[in-house]
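Participant: here is my input, please return the structure:
(2 chains)
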There are 2 protein chains.
Amino acid sequence: MDPIQIDDARDPRVAAYFDIRERDLTGRHGRFVAEGKVVLDVLLSAGRFTAESILVLENRLAGLDDILRKAPADLPVYVAASNIMDRIAGFHMHRGILAIGSKGTPQPAEALLGTLPVDALIVVLVGIANHDNMGSIFRNAAAFGADAVFVDSTCCDPLYRKAIRVSVGAALKVPFASFGDTEAFITKLDELGFGQVALSPRGEADIRDAARPKRLALYLGTEGEGLPESLLARLRTVRIAMSEGFDSLNVAAASAIALHHFSR
Amino acid sequence: MDPIQIDDARDPRVAAYFDIRERDLTGRHGRFVAEGKVVLDVLLSAGRFTAESILVLENRLAGLDDILRKAPADLPVYVAASNIMDRIAGFHMHRGILAIGSKGTPQPAEALLGTLPVDALIVVLVGIANHDNMGSIFRNAAAFGADAVFVDSTCCDPLYRKAIRVSVGAALKVPFASFGDTEAFITKLDELGFGQVALSPRGEADIRDAARPKRLALYLGTEGEGLPESLLARLRTVRIAMSEGFDSLNVAAASAIALHHFSR
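Facilitator: Next comes the predicted model:
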């Protein structure tokens, strides 16, 4: 591929990169932003999403040879000097590596469920609204070989820029889908033979004593309120034993402990 | 206590709160900033550090009764309207609860070691330069009852504003001290009967098979480079088994898994 030099910060060919931070709030019409070398590598290697273009600081280009070789030959690679890149993005881009990807058509939860192996480990998220937590949970899901992540309608978008960055690209690799009615989703997983386990500070069993069902759905809720009582009543609940007087664990840390415990 | 109304954003009585973010970079001469209700509660309850003053949005004051009751009667509590508070701090303070604490004289590592119980669990950090990770590790240390945290000279300050916030106050509760020469520190812990275990992706044993020594020092290094080989050669090393092709775990997530494993 031949890199395309950008000398005008308002060049329409790089319009998708304009004012990146403001765009986080208003949305990108089916696109997402991938930042940094490792995330770009995952985007191009995993093949789950289509890259639309890449924008790189001119002094970072040489170091990307191995990664760019994984890109389709017709993928536009834009190159800019530091001051132009900052003006395109609207803030100082010290990483200097950006890509725009297409979200494509979201896969329905039922379709994704149909692709899962008999010994699937899936993560079910309810009310995870913080992008750091979302990204960290995806990173842990990838690290411990979870087959998919399912998010309810109150969760934030795993393809939000910061979530992708914190996930170190795992949000572009681990398949995920969104579901609407949580009660119906539980029923569906039940029919599909999933053992359904929820992490809860008031869980009935210590996670150390919890056996791994062949197919496992691990539920995680928000840190503050946790999972709704109506859900907990339908699931097996496990707790992570903590020191008295400081029973506060970040939901991403809890996901690491639980996924490590249940992974094989 | 009688709250003191602040109507002038440059009132010298609240000088410690001026331009909070810029001050993160230039330092605060032995002071730290605690943000939010939960962190303020830990500051006043744990008693490890002295609070110098509190600055609260006027509409948050009523909700702090239970917490402020834990403060010494002569602790100044400043109250400001939202626009004044934002101008004091230099950015929008949506939390609306700040406190300044005094770091006091740092406790030497040797002195802190002398206070530890026979079955102590301590965390030793080498090169943790990211405030999010530092805060998260402290939060996990508190959650799993670690007795102390020791940081080498290349670690960031656990009392940096963001580290305290991310720790949910644990950095104000779990005793910590800094050490200089890591080799000498290892020798000292050896003399004190600590089993010394380092987390490393290339660790010789799976952490699932690692027994807990009565006194345990758990070493964590940076995510990128990990602990130096010269240190790993002197320690027992354990790994957290991960899925192939994505062997990337955040150091704070790794600390959660390891502390959970070794805590009792």
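Participant: what about the residue of the stretch 1-150 of chain A at minimum distance from chain B, neighbour count?
Facilitator: Nearest to chain B in the stretch 1-150 of chain A, going by C-beta to the nearest C-beta, is residue A:145, at a distance of 3.4 Å. Heads up, the C-betas are built off the backbone N, CA and C, glycines and all. For residue A:145, the neighbour count with other C-beta atoms under 10 Å in any protein chain shown is 17.
Participant: cool, and residue A:241?
Facilitator: A total of 15 residues lie near residue A:241 under the criterion other C-beta under 10 Å.
Participant: residue contacts, it?
Facilitator: A:206, A:207, A:208, B:263 (C-beta atoms under 8 Å, 6 or more residues apart in numbering or on different chains).
Participant: that one and residue B:36, how far apart?
Facilitator: 26 Å (C-beta to C-beta, to the nearest Å).
Participant: can you list the residue ranges for strands in chain A?
Facilitator: Counting by DSSP state E, residue ranges of the strands within chain A are A:4-6, A:31-35, A:50-57, A:77-80, A:97-102, A:121-126, A:148-151, A:176-178, A:195-199, A:205-206, A:216-221, A:236-239.
Participant: by mean pLDDT, flag the weakest helix or strand of chain A.
Facilitator: helix A:20-26 (a mean of 76; mean pLDDT, DSSP states H and E).
Participant: does chain B have contacts with that helix?
Facilitator: No: with C-beta under 8 Å from any C-beta of the partner chain as the criterion, chain B is not reached by helix A:20-26; the gap is at least 15.0 Å.
Participant: so which bits of that helix are buried?
Facilitator: The neighbour-count check on helix A:20-26 (16 or more other C-beta atoms under 10 Å in any protein chain shown) flags A:20, A:23 as buried.
Participant: what would the strands of chain A look like in a markdown table with distance to chain B?
Facilitator: Written out in a markdown table, the entries for the strands of chain A read as follows (distance: least, C-beta to the nearest C-beta, whole Å):
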| stretch | distance to chain B |
| --- | --- |
| strand A:4-6 | 30 |
| strand A:31-35 | 16 |
| strand A:50-57 | 19 |
| strand A:77-80 | 25 |
| strand A:97-102 | 17 |
| strand A:121-126 | 10 |
| strand A:148-151 | 13 |
| strand A:176-178 | 15 |
| strand A:195-199 | 12 |
| strand A:205-206 | 11 |
| strand A:216-221 | 14 |
| strand A:236-239 | 12 |
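Participant: let me have these in a markdown table, adding mean pLDDT and mean neighbour count as columns.
Facilitator: Conversion of the strands of chain A to a markdown table gives the following (pLDDT from 0 to 100; neighbours: other C-beta atoms under 10 Å in any protein chain shown):
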| stretch | mean pLDDT | mean neighbour count |
| --- | --- | --- |
| strand A:4-6 | 97 | 16 |
| strand A:31-35 | 95 | 21 |
| strand A:50-57 | 97 | 20 |
| strand A:77-80 | 97 | 21 |
| strand A:97-102 | 96 | 22 |
| strand A:121-126 | 98 | 25 |
| strand A:148-151 | 98 | 23 |
| strand A:176-178 | 98 | 20 |
| strand A:195-199 | 97 | 22 |
| strand A:205-206 | 96 | 12 |
| strand A:216-221 | 97 | 25 |
| strand A:236-239 | 96 | 19 |
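Participant: quick check: which ranges of the stretch 151-264 of chain A have low pLDDT?
Facilitator: Across the stretch 151-264 of chain A, the ranges flagged by pLDDT under 70 are A:246-247.
Participant: how much space separates the closest residue to residue A:123 other than its chain neighbours from residue A:170?
Facilitator: Computed as C-beta to C-beta, 6 or more residues apart in numbering or on different chains, the closest residue to residue A:123 that is not its neighbour in sequence is residue A:149, at 4.7 Å. As defined by C-beta to C-beta, residue A:149 lies at a distance of 9 Å from residue A:170.
Participant: what do you get for residue A:137?
Facilitator: Relative to residue A:170, residue A:137 is positioned 9 Å away (criterion: C-beta to C-beta).
Participant: for those two, work out which one has more neighbours and name it.
Facilitator: When residue A:137 is set against residue A:170 and neighbours are counted by other C-beta under 10 Å, the residue ahead is residue A:137, at 33 against 27.
Participant: from what I see, residue A:251 and residue A:225 are in contact.
Facilitator: No: using C-beta atoms under 8 Å, residue A:251 and residue A:225 do not qualify as a contacting pair, with a distance of 11.3 Å.
Participant: neighbour count winner among these two?
Facilitator: Neighbour comparison, residue A:251 and residue A:225: the larger count goes to residue A:251, with 22 against 8 (by other C-beta under 10 Å).
Participant: got the residues of the stretch 101-250 of chain A near chain B?
Facilitator: Taking C-beta under 8 Å from any C-beta as the contact definition, the stretch 101-250 of chain A meets chain B at A:132, A:136, A:139-140, A:142-145, A:168, A:170, A:173, A:240-243, A:246-250.
Participant: out of those residues, which are buried?
Facilitator: Burial of these was assessed by neighbour count (16+ other C-beta under 10 Å); the buried members are A:132, A:136, A:139-140, A:142-145, A:168, A:170, A:173, A:240, A:242, A:246, A:248-250.
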